[in-house]
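J.: Got a predicted structure plus its sequence, pasted below:
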Amino acid sequence: AFANLTIIDTLEIINNPLLSTISGFNNLSIVSEQLFISGGSIQFETNLFSSLESIGGDLSIFNTANTEELNSFNNLSIIGGNLNLTDLNYSTINGFNSLVAIGEDLGLSGGSFQSISGFEILNSIGDELFIGNTTGLQNINSFDSLTSIGGNFSIFENPILNSIREFPLLKNIGGTLTIS
């Protein structure tokens, strides 16, 4: 639908309960401000945002009914603001294999996703990392390159979480570490 679009200030895909397929953003390389996706059961094909390299502000994905993997952001290297993934029902939070830095918070909360992977080269989070209020999270298998969290690091209210893989390079947490 938007095959020639390469740069946009803000992209919002919201409140489309029947929207299950969206395509044509595979040449989009820069979102200057915000990418916000909420509602519906959008199938994130592997190449949906295959050229997206940077987001100046926030990437927020909320309240989607899809149960496949979230695997569409594999070339995204920098998020200047927050990365919020909230109330998602994907089996696996994946697809951030090139992400190196998040300027503010990384929040993974709500929903029934079972595992977190795909953040293997993420080096720094400018403020908080929080993973909480999930009903299905069993494993955290990522964050092998994370060296710095500027604020609090919280893992909370994940009743069936049974495995947190090591954070081998984490040297600095600028706030409180909470696991509850």
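T.: Ah, there it is. Only a predicted model underlies this, so the values are computations on that prediction, with no experimental measurement involved.

J.: Where in the protein is the helix or strand with the lowest mean pLDDT?
T.: strand 92-93 (a mean of 83; mean pLDDT, DSSP states H and E).

J.: what's the offset of that one from the middle of its chain?
T.: Mean C-alpha position of strand 92-93 versus that of the full chain (Cα atoms, centre = their mean, to the nearest Å) differs by 9 Å.

J.: go on, stretch 118-128?
T.: Computed by Cα atoms, centre = their mean, the chain-centroid distance of stretch 118-128 equals 10 Å.

J.: With stretch 133-153 instead?
T.: Worked out by Cα atoms, centre = their mean, stretch 133-153 lies 11 Å from the chain centre.

J.: Only alpha carbons, please: show it as CSV.
T.: Below are the C-alpha coordinates for stretch 133-153, written out as CSV (Å, rounded to 0.1, in the frame of the first residue of the first chain):
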residue,chain,number,x,y,z
ASN,A,133,2.5,-8.4,34.6
THR,A,134,2.6,-11.3,32.1
THR,A,135,0.5,-14.4,32.3
GLY,A,136,2.6,-16.7,30.0
LEU,A,137,6.2,-15.6,30.3
GLN,A,138,8.4,-18.6,31.1
ASN,A,139,11.8,-17.6,29.7
ILE,A,140,14.0,-14.5,29.3
ASN,A,141,16.6,-15.6,26.7
SER,A,142,18.1,-12.4,25.5
PHE,A,143,20.2,-9.4,26.5
ASP,A,144,23.6,-11.0,26.0
SER,A,145,25.3,-7.6,25.1
LEU,A,146,23.5,-5.3,27.5
THR,A,147,26.0,-3.3,29.4
SER,A,148,24.0,-0.4,30.9
ILE,A,149,20.6,0.4,32.2
GLY,A,150,20.3,4.1,33.2
GLY,A,151,17.4,3.6,35.7
ASN,A,152,15.6,0.8,37.4
PHE,A,153,15.6,-2.8,36.3
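
J.: Surely Ser117 and Phe96 touch.
T.: No - with contact defined as Cβ atoms under 8 Å, Ser117 does not reach Phe96; the gap is 9.1 Å. All C-beta atoms are positioned from the backbone trio N, CA, C, and that covers glycine.

J.: Neighbour count for those two, which is higher?
T.: Phe96 (29 against 18; other Cβ atoms under 10 Å).

J.: what about the closest residue to the more buried one other than its chain neighbours, neighbour count?
T.: Nearest residue to Phe96 in three dimensions, chain neighbours excluded: Gly118, at 4.8 Å (Cβ to Cβ, 6 or more residues apart in numbering). Look at Gly118: counted by other Cβ under 10 Å, it has 22 neighbours.

J.: Gly118: which element?
T.: Under DSSP states H and E, no helix or strand contains Gly118.

J.: what sits against it?
T.: By Cβ atoms under 8 Å, 6 or more residues apart in numbering, the contact set of Gly118 is Asn71, Asn74, Thr92, Ile93, Asn94, Gly95, Phe96, Asn97, Ser142.
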